[in-house]
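Q: got a predicted model here, sequence first, then my questions.
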Amino acid sequence: MKVIIVGGGLSGICLAHQLEKNNISFRIIDQGINHSSKVAAGMINPMTFRRMIKTWRGDDLIPCLQKFYSEIENKINARFFFQRKLRRAFASQHERDLWMERLEDDAYNNYINSPEKDAPEFLNAPFGNGFINTPGYIDAKAFMESNHQYFQEKQLLEYAQFDFDKLDISAKTYNGEQYTHLIFCEGFKGEDNPYFGYLPFKNAKGEVLNIESETFNKSEILNKKCFILPTEYGDFKLGSTYAWNTKDPSPTEKAKTDILENYKLLSSAKIKVTGHEAGIRPAVADRRPLIGEHPTQKGLYIFNGLGAKGYMIAPYFAIAFIENLLNGKELDKEVDIQRFYKKYFLPKNSI
Ligand SMILES: Cc1cc2nc3c(=O)[nH]c(=O)nc-3n(C[C@H](O)[C@H](O)[C@H](O)COP(=O)(O)OP(=O)(O)OC[C@H]3O[C@@H](n4cnc5c(N)ncnc54)[C@H](O)[C@@H]3O)c2cc1C
C-alpha cells in the first residue's frame with residue numbers, strides 16, 4: 001500500500017498519523033497555505049447550545065480525541081492540547097429550563113453541571129450560568145506547526161500545489177510516482193476538485209479576533225452568542241462568525257463589527273483587539289463529513305467536510321477510515337460519500 005495525501009491540514013495530518021501507526025507508506029503534498037486548521041479556535045465543545053443537546057457523536061468522539069491527541073503530543077514531543085473549563089451564560093429562561101431538564105437526564109451526566117449560584121461580575125448572565133465538562137482545546141497553530149515540522153523532518157511532507165495534469169488515474173501514478181491510494185484532504189478547496197467537486201460542499205467562512213483583557217479568568221472559556229477562549233500566550237480568542245458563498249479568506253470589517261456586537265451580549269469588560277484572522281470551514285449541506293472512494297475512479301478517495309467541529313471529529317473518523325482501507329470495515333453511512341451517489345453523482349454522469 002502506498003498512499004499520497006493531498007492537503008496537510010488537520011484532516012491530512014490525522015490520517016498521516018494513523019497510517020504511520022499502521023506502518024503504511026505515505027507522503028503528504030500541501031500547498032503551504034492553510035485557511036482553516038491554523039485559524040481555528042480548536043475548542044472541544046460537547047454541547048450544541050442552540051438546542052441544548054449533545055453534539056453529534058460526542059460520546060464516541062471525545063474519548064477518542066483525548067487519547068489520539070495525547071498520543072501525538074508524546075510521539076512528536078509537542079504541546080497543543082490544553083485543559084479549560086467551559087462556562088455558559090444562559091441566553092434565556094427557556095435555555096435555563098432546557099439545561100435543568102438535561103441535568104435530570106442520565107445521558108448528560110458526563111457533560112452538564114448544576115447552575116452556578118453566582119456569576120462573575122463581568123459576565124452578562126441574567127438567566128444564570130453553568131459549567132460544561134470539556135477536555136479543553138487544541139492550540140491550532142501549535143498543532144499545525146509542530147506536526148508540519150515532524151513530517152517535514154521525516155521527509156514525508158512536500159510543499160507543492162497538487163497538479164491534476166500530472167495525475168494518471170489508469171496507471172495510478174502522480175508525476176510518475178506509483179500510488180495505491182490518493183486521498184484528497186483539501187479542505188474548502190475540495191469543491192474545486194475535478195473528481196469530488198460534485199459533492200454538496202457548503203463552506204462557511206469564519207473570523208476570530210485576538211484580544212487582550214485584564215478581566216477574564218485564564219482557565220475558563222466563556223460562551224454566549226460568542227466565545228472567549230484564553231490561549232497559552234496570555235491573550236484570548238473572541239469569535240466567531242459564519243458566512244456562506246465566499247471563497248475570499250481575508251478578514252473583513254463587517255465580521256469584526258459583528259463579533260464585537262455579540263461580545264456586548266456576553267460582557268461589558270474592557271478589551272483591546274490585537275489581531276483578526278479569517279478562515280473557511282469545509283462544511284457540507286447535511287453537516288456530516290465526506291469520506292470514501294470515488295464512485296468510478298478506483299484509488300481516488302476523499303476525507304473532508306469536517307465543518308465547524310473538525311478538531312473534535314477528525315481523530316475518530318481518521319481511525320475509522322484507515323480501518324476501512326486496511327481491513328474493509330464498513331464506514332459509517334452518515335459519513336460515507338455513497339449517501340450522495342444517487343442525488344448528485346449518478347444523474348449528472350448518466351446524461
Ligand atoms: C474561524 C474558525 C474557527 C473554528 N473553530 C473550531 C473550533 O473551535 N473547534 C473545532 O473543532 N473546529 C473549529 N474550526 C473548524 C476546523 O478548523 C476545520 O474543521 C478543520 O480545520 C478542517 O481541516 P481540513 O484539513 O479538512 O482543511 P484545511 O485546514 O483547509 O486544510 C486543507 C489543506 O489542503 C491544502 N490544499 C488544498 N488544495 C490543495 C492542492 N491542490 N494541493 C496541495 N495542497 C492543497 C491546503 O494548503 C490546506 O493546508 C474552525 C474553523 C474556522 C475557520
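A: Structure's in. What do you need? Owing to the predicted nature of the structure, the values given are computational and were not obtained by experimental measurement. Numbering: from 1, shown residues only.

Q: quick one: low-confidence residue ranges for the stretch 201-350 of the chain.
A: Along the stretch 201-350 of the chain, the model assigns pLDDT under 70 to residues 347-350.

Q: element containing the residue in it positioned nearest to the ligand?
A: Of all residues in the stretch 201-350 of the chain, Gly310 sits closest to the ligand, at 2.1 Å by CB to the nearest ligand atom. C-betas here are computed from N, CA, C, even on glycine. Here Gly310 sits within helix 310-327, counting by DSSP states H and E.

Q: that helix: how far from the chain's middle?
A: 13 Å (CA atoms, centre = their mean, to the nearest Å).

Q: mind listing what's buried in it?
A: Across helix 310-327, burial judged by 16 or more other CB atoms under 10 Å covers 310-322, 324-325.

Q: please apply the same query to stretch 233-253.
A: Along stretch 233-253, these residues count as buried under the neighbour rule (16+ other CB under 10 Å): Asp235, Phe236, Lys237, Leu238, Gly239, Ser240, Thr241, Ala243, Pro249, Pro251, Thr252.

Q: check contacts around the last one.
A: Read it as Thr252. By CB atoms under 8 Å, 6 or more residues apart in numbering, Thr252 lies in contact with Glu207, Ala278.

Q: try 10 Å
A: Going by CB atoms under 10 Å, 6 or more residues apart in numbering, Thr252 touches Lys205, Glu207, Thr241, Ala243, Thr246, Asp258, His276, Ala278.

Q: try the fifth one
A: By CB under 10 Å, 6+ apart, the residues touching Gly239 are 39-41, 43, 206-210, 226-229, 255, 259, 262-263, 276-277.

Q: where along the stretch 1-150 of the chain do the strands fall?
A: In the stretch 1-150 of the chain, the strands defined using DSSP state E, counting those that start in this stretch lie at 2-6, 25-30, 43-44, 47-48, 53-54, 81-82, 85-89, 129-132, 136-138.

Q: and of those, who's closest to the ligand?
A: Closest approach to the ligand among the strands of the stretch 1-150 of the chain is made by strand 43-44 (3.6 Å; CB to the nearest ligand atom).

Q: helices or strands next to that closest one in the packing?
A: When contacts are defined as 3 or more CB pairs under 10 Å, 6 or more residues apart in numbering; DSSP states H and E, strand 43-44 packs onto helix 58-76, strand 136-138, strand 220-224, helix 310-327.
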